[in-house]
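Undergrad: Got a predicted structure here, sequence first:
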Amino acid sequence: MQIGLIGLGKMGGNMRERIRRAGHTVIGYDRNPDISDVKHLGELVEKLQAPRVVWVMVPAGAATQAVIDELKDLLTPGDVVVDGGNSRWTDDEKHATELGIKGIGFVDAGVSGGVWGLQNGYALMVGGDKEHVERLQPIFEALKPEGPYGYVHAGRVGAGHFSKMVHNGIEYAMMQAYAEGWELL
């Protein structure tokens with residue numbers, strides 16, 4: 001499978017490598033030209049065969065919105081965008097609507113695994129229409145750990161990032177509890 005990946009920081013760069021190791025073609029874009037495969041988003045889209053899949057791994061909020069705005073003018077009907085950052089789940093609904101007007105699909109993917117994901121795999125919590133999620137299955141299989149666990153199609157658009165939000169809440173509460181316990185000891 002062929003995929004474009006935007007944002008090649010610590011997680012995005014490791015995701016690119018893990019997907020490539022699984023035998024897929026990844027064309028990566030980053031503002032840092034030293035790690036980017038292409039010079040700009042237009043070139044990334046040109047190099048991908050239609051129907052395209054583009055995975056976005058940039059910070060939530062304004063950065064993600066800027067990339068979505070640029071992609072909706074570059075992509076064509078039948079393409080799919082995946083937001084793998086930590087976007088708010090309500091933003092996913094907005095992005096799906098904005099892209100949907102142009103016939104572009106949208107999937108949100110809460111990704112957990114940090115810098116260890118390259119070796120251990122990533123836990124993926126995915127939201128989106130069944131047809132788009134099924135199309136991306138080879139990429140999800142490449143990213144998740146070996147075995148039956150590490151991936152869930154949590155429901156409609158927004159469900160992936162909502163699940164990731166709950167995941168983060170539990171994780172941070174546990175870290176706080178550990179810290180308070182150590183302080184008492």
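TA: Cool, got the structure. Only a predicted model underlies this, so the values are computations on that prediction, with no experimental measurement involved.
Undergrad: Residue 73 should be in a strand, yeah?
TA: No: if the criterion is DSSP: H, G, I helix; E, B strand; the rest coil, then residue 73 is helix and not within a strand.
Undergrad: Now do the same contact list for it.
TA: By Cβ atoms under 8 Å, 6 or more residues apart in numbering, the contact list for residue 73 is empty. Just so you know, the C-beta spots here come from the backbone N, C-alpha and C atoms, and that holds for glycine as well.
Undergrad: Next one: it from residue 154, what distance?
TA: The gap separating residue 73 from residue 154 is 29 Å, by Cβ to Cβ, to the nearest Å.
Undergrad: how close does the residue nearest to residue 33 when sequence neighbours are not counted get to residue 72?
TA: What sits nearest to residue 33 in space, not counting adjacent residues and going by Cβ to Cβ, 6 or more residues apart in numbering, is residue 39, at 7.1 Å. Between residue 39 and residue 72 the computed distance is 20 Å (Cβ to Cβ).
Undergrad: Just the buried positions in the lengthiest helix in the chain, please.
TA: In the chain, taking DSSP state H as the definition, the longest helix is helix 159-184. Residues of helix 159-184 classed as buried by neighbour count (16 or more other Cβ atoms under 10 Å): 159-165.
Undergrad: if we can go back for a sec, touching, the residue nearest to residue 33 and residue 32? I think so.
TA: No: checked against Cβ atoms under 8 Å, the pair residue 39 and residue 32 is beyond contact range at 11.7 Å.
Undergrad: that older thread, just confirm the residue nearest to residue 33 is within a strand.
TA: No: using three-state DSSP, the assignment for residue 39 is coil, not a strand.
Undergrad: so how far is residue 29 from it?
TA: Distance of residue 39 to residue 29, given as Cβ to Cβ: 8 Å.
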